[in-house]
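Participant: predicted model and sequence below, questions to follow.
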Amino acid sequence: MKESPSFHEPPQIPPMPKVQELHERVQVSLDIEPRKKFKNWEEYRERCLAENERLDQANGKAKRLWLALDGRVIGPTQRDPEHGIANFNHHEGVDRSSTRSTCGQMMFEIQFMDMLAVLKGVEELHIDLEDCDQDVSTAVAILRLALKDPEMLEHPLFAKLVAYEDAMDISGGFCRLPKQFDRNFIEQINWVFEPYEQPALSGKIPRMSAEEMQGVIDLIQKRILAFLDGKQERKPFDGRYEVIRNGSGWSMVKFQGQNARLQMAMEGISAYCSFVEYKNDEGETRYRYTIGRNSAWQRHLLLPELVTILNEREGTLQPPRCWGGGDTIIGSPREEGSKQRPEEIYQIIEEFVQAKSL
């Protein structure tokens, strides 16, 4: 495989701005707890109700909206309109290929489901996050723009950017893109999302603080606005990846470039396991794994069944500290990572695939 051009170092993330902002009269707070999840909708809803009561007592009554985005709460999208609480997610408990990404859901709700009126009818918007990836950052940008300048959401380039990110996140970036997303457009979007991709490839995401995640989200929004204004830069398509070992209809790989998954899909790889090695706060080696397949029609790598086996081997059976995901992409525990070495994970997957082929 020919190597794509290597990417340049991104600019330094600027100092973190204030977490709270005022868009017209709505106070927006990003409440980021890196890698921490609520185990279900009921737990999140009870926490929000308790916080409402606490804030009412401390600061006086106010109309609040609580939004958990993209995996902060384990489970599918749910709403409590009476109390102004919602979870937007597309990871667990859904048919992934027919469920919009979080930013796709947010865009649809605001444009077609009157969520803009809901946003403008509150005094405080609390956005609960555990990550700062492309989907999360785009969803936050949509919410901020909806409050500040909703006409920006009608910009044709913004609609195209959200459609691209929607397709990429639904598929985990592991798909064959339609021709409307040409190489020039992809390289512009590479630049927009570079603030997340660079630390993701280098293994820094599992150790990122809330302040650093806030910086990534804010910088991506600045680049989105530059893209809409025609002032974007380009980051060359970089599809480099290393095949560590080939299994039976799948490959264990390490991503080296931002577009590795697109490149793998173009080259005919239909399922993979990727990993990043890092040290936790105690100096122990941990791994962050992603296992994906390009279609829910595949019969040899049934991910929901594989999750059970991986959790048994890991010894982490209870959410949120366990392996999890959907029917086309799963991952290792977010907070603690995995203790299993790549050769052990390879053996688990290969034995599973071989058993299914009998």
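Facilitator: Cool, the structure landed. Here the structure is a predicted model, which is why all the values come from computation and not from measurement.
Participant: okay, strands next: where are they in this protein?
Facilitator: 20-23, 26-32, 64-69, 78-80, 85-88, 124-129, 241-246, 251-255, 271-279, 285-293, 324-325, 329-331 (DSSP state E).
Participant: what is the neighbour count of Gly172?
Facilitator: Close neighbours of Gly172, defined as other C-beta atoms under 10 Å, add up to 22. Every C-beta, even on glycine, is put in place using the N, C-alpha and C of the backbone.
Participant: so who does it touch?
Facilitator: 261, 290, 292, 328-329 (C-beta atoms under 8 Å, 6 or more residues apart in numbering).
Participant: flag the shaky bits of this protein, pLDDT-wise.
Facilitator: 1-24, 317, 358 (pLDDT under 70).
Participant: show me where it has helices.
Facilitator: For the chain, the helices identified by DSSP state H occupy 41-59, 102-112, 115-120, 134-148, 156-170, 183-202, 210-228, 260-266, 303-314, 342-357, in order along the chain.
Participant: which one of those helices lies closest to Asp281?
Facilitator: Closest to Asp281 of the helices of the chain is helix 210-228 (C-beta to C-beta; 14.6 Å).
Participant: for Ile224, see how far away the closest residue to Gln258 other than its chain neighbours is.
Facilitator: Nearest residue to Gln258 in three dimensions, chain neighbours excluded: Glu197, at 4.6 Å (C-beta to C-beta, 6 or more residues apart in numbering). According to C-beta to C-beta, to the nearest Å, Glu197 stands 15 Å off from Ile224.
Participant: ditto for Met208
Facilitator: 20 Å.
Participant: same drill for the two, tell me which one is more crowded.
Facilitator: Of the pair Met208 and Ile224, Ile224 is the one with more neighbours under other C-beta under 10 Å, namely 24 against 20.
Participant: contacts only, for the more buried one.
Facilitator: For Ile224, the contact set (C-beta under 8 Å, 6+ apart) comprises 138, 141, 158, 161, 192.
Participant: buried members of these into ChimeraX, please.
Facilitator: This is the ChimeraX syntax for the buried subset of the contacts of Ile224, where burial follows 16 or more other C-beta atoms under 10 Å:
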select :138,141,158,161,192
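Participant: can I get the contacts of Ile224 in CSV including distance to Asp238?
Facilitator: As requested, the contacts of Ile224 are exported to CSV (distance: C-beta to C-beta, whole Å):
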residue, distance to Asp238
Thr138, 21
Ala141, 24
Phe158, 24
Leu161, 19
Val192, 15
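Participant: identify the farthest-apart pair in the contacts of Ile224.
Facilitator: Phe158 and Val192 (11.1 Å).
Participant: give me the PyMOL select line for the contacts of Gly172, limited to the buried ones.
Facilitator: Per 16+ other C-beta under 10 Å, the buried members of the contacts of Gly172 correspond to this PyMOL selection:
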select buried, resi 261+290+292+328+329
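Participant: just to revisit the earlier point, including distance to Gln57, could the strands of the chain go into JSON lines?
Facilitator: Output for the strands of the chain, formatted as JSON lines (distance: least, C-beta to C-beta, whole Å):
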{"stretch": "strand 20-23", "distance to Gln57": "20"}
{"stretch": "strand 26-32", "distance to Gln57": "18"}
{"stretch": "strand 64-69", "distance to Gln57": "13"}
{"stretch": "strand 78-80", "distance to Gln57": "21"}
{"stretch": "strand 85-88", "distance to Gln57": "18"}
{"stretch": "strand 124-129", "distance to Gln57": "15"}
{"stretch": "strand 241-246", "distance to Gln57": "53"}
{"stretch": "strand 251-255", "distance to Gln57": "48"}
{"stretch": "strand 271-279", "distance to Gln57": "41"}
{"stretch": "strand 285-293", "distance to Gln57": "40"}
{"stretch": "strand 324-325", "distance to Gln57": "36"}
{"stretch": "strand 329-331", "distance to Gln57": "39"}
